[in-house]
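A.B. asks: Coordinates for the following, if possible.
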Amino acid sequence: MVQLLAKEESQDWISIASSIAAELTATAVERDQKAGLPDVEIQLLQESGLLPLVVPQEYGGTGATWAEAFKVIQQLSTADGSIGQLYGNHLNLTALAHVSGTVEQKSRYYRETAEKNLFWANAINTRDTRLKITPDGENFRVDGVKSFGTGVAIADLRVFSALQDGVEVPWLFVIPKDRPGVVSNQDWDNIGQRRTDSDTFTFHDVLVKKDEILGYPHPTDSAFGTFLGIIAQLTKTYIYLGIAEGALAAAKEYTKTQTRAWITSGVDSASKDPYILRHYGEFWAELQAAIALSDRTAAQVQQAWDKGADLTFEERGEVAIAVFSAKALVTRVGLNITNGIFEVTGTRSTATKYGFDRYWRDLRTFTLHDPVDYKLNHIGNWVLNQELPIITQYS
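C.D. replies: Residues are numbered from 1 along each chain as shown. Predicted coordinates for the structure are as follows:
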């Protein structure tokens, strides 16, 4: 079990993430088949000291940069895409009040996260408009249904979006785990991301206090106020990278120890088969290019984040193009690797006990939520027409 480390002893976050990844890898196939609540996994993260990673030190957190945090997300995702997603979402949400909330909310949620070692999850999903919020005195009440509540069932703090009649922009609000009236329908049974527990939630007259609505009564419309949507896009990119990296590492080990040379290959070892070597060469070259572009983009994102309220809309749009470009490349590389590993592992590797298909299932399930074609469309419009994409806090 990974033990909680004192802050002064925990500067090598990648090493901590590697230790967690090693534990997750040992049980990855079993947990994927079982699905259900990722309670053990979240406990590992809580014990690791990684939950307050991006909380600034002035609020009691670790104070890591986003560029550093992305590499931790990537490392965790090599072992389990579900846990990479849960952790990546958590980090984004810990900073939500920083960009979308009031000064008081920013301080409050940063401090609570660090002091209480809180885990965040969400069901923002603005395409699902069934959740309604109505005034109730100085507070509000929420009723309805919200889908894709990823990790919400075990989260300490839960973020949702809901629509108020006559108001076009949805409200974002944060409620604690013990708030009465929120029911998990336990209906997540998709092909991939089996351990994210992305259930549908039903709300029955749930109280939402006015100071739990982010930015209430005047949500921010600044460039920085919507920048977390861009960070969320790059977070997904690093999850994809980790999944692809994990798939390649697992395939490599299997090829070297289990795969048989093809009968007409003219060699006595799969590791000498010219076609297998070609595939690995292609996988490696593509992955290195994807990592390099992502890391360069992460540096751009960090520079923009550091500008805070001084970030301009043009700068935000330029960073968005860089993030979309990285995400488009990583998506294609990731799908190529997670699908192509069977070309280098062979027929016997399709046995359920190996679970090699989980890499493709995890990645494909994720990419369907945000089709890369639309990112390519934004990039093409910028290349030809110099029109930057419009970004919202929900992008």
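
A.B. asks: From here on, just use CA atoms for contacts and neighbour counts.
C.D. replies: Noted.

A.B. asks: Can you show me the helices along this structure?
C.D. replies: Assigned by DSSP state H, the chain shows helices spanning 13-34, 39-48, 66-79, 81-94, 96-100, 103-116, 228-257, 274-307, 313-345, 357-367, 372-385.

A.B. asks: and E138, which of these is closest to it?
C.D. replies: helix 103-116 (17.4 Å; C-alpha to C-alpha).

A.B. asks: Test my guess that T297 contacts A320.
C.D. replies: No: using C-alpha atoms under 8 Å, T297 makes no contact with A320, being 9.6 Å away.

A.B. asks: Please say which of these two ends up with more neighbours.
C.D. replies: Per other C-alpha atoms under 10 Å, whichever of T297 and A320 has more neighbours is A320, with 28 against 23.

A.B. asks: Look up the closest residue to the more buried one, ignoring the ones flanking it.
C.D. replies: Spatial nearest neighbour of A320, excluding adjacent residues (C-alpha to C-alpha, 6 or more residues apart in numbering): I230 at 6.1 Å.

A.B. asks: Wait, that neighbour touches I321, no?
C.D. replies: No: counting by C-alpha under 8 Å, I230 does not reach I321; the two are 9.6 Å apart.

A.B. asks: Tell me the spacing between T129 and T365.
C.D. replies: Distance of T129 to T365, computed by C-alpha to C-alpha, to the nearest Å: 22 Å.

A.B. asks: same check, this time on E212
C.D. replies: Taken as C-alpha to C-alpha, the span from E212 to T365 is 31 Å.

A.B. asks: For these two, indicate the residue with more neighbours.
C.D. replies: E212 (19 against 15).

A.B. asks: looking at it, the more buried one is touching I175, isn't it?
C.D. replies: Yes: with contact defined as C-alpha under 8 Å, E212 reaches I175; the gap is 6.7 Å.

A.B. asks: Can I get stretch 198-215 in CSV, CA atoms only?
C.D. replies: Output in CSV follows, covering the C-alpha atoms of stretch 198-215 (Å, rounded to 0.1, in the frame of the first residue of the first chain):
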residue,chain,number,x,y,z
SER,A,198,-20.3,7.0,-14.6
ASP,A,199,-23.8,6.5,-13.4
THR,A,200,-27.0,8.5,-13.9
PHE,A,201,-28.1,10.4,-10.8
THR,A,202,-31.7,11.4,-9.8
PHE,A,203,-32.3,14.5,-7.7
HIS,A,204,-35.3,14.8,-5.4
ASP,A,205,-35.8,18.3,-4.1
VAL,A,206,-32.1,18.7,-3.4
LEU,A,207,-31.1,21.9,-1.5
VAL,A,208,-28.3,24.0,-3.1
LYS,A,209,-27.2,26.9,-1.1
LYS,A,210,-26.5,30.2,-2.9
ASP,A,211,-22.8,30.1,-1.9
GLU,A,212,-22.5,26.6,-3.5
ILE,A,213,-23.3,28.0,-7.0
LEU,A,214,-20.0,28.9,-8.6
GLY,A,215,-19.8,32.6,-9.4
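
A.B. asks: How about residues contacting it?
C.D. replies: When contacts are defined by C-alpha atoms under 8 Å, 6 or more residues apart in numbering, stretch 198-215 is touched by residues 97, 100-102, 105, 131, 138-152, 171-175, 179-188, 216.

A.B. asks: mind checking how far that stretch is from the chain centre?
C.D. replies: Offset of stretch 198-215 from its chain centre (C-alpha atoms, centre = their mean, to the nearest Å): 22 Å.

A.B. asks: next one: stretch 178-189
C.D. replies: 21 Å.

A.B. asks: List the contacts of the residue located most distally from the centre of the chain.
C.D. replies: For the chain, the largest distance from the centre (C-alpha atoms, centre = their mean) belongs to G266, which lies 44.5 Å off. By C-alpha under 8 Å, 6+ apart, the contact set of G266 is D273.

A.B. asks: And it, what's its pLDDT?
C.D. replies: We have a pLDDT of 91 for G266.

A.B. asks: And it, how close does it get to S147?
C.D. replies: From G266 to S147 the distance is 54 Å (C-alpha to C-alpha).

A.B. asks: Identify each buried residue in stretch 12-21, please.
C.D. replies: 13-14, 16-21 (16 or more other C-alpha atoms under 10 Å).
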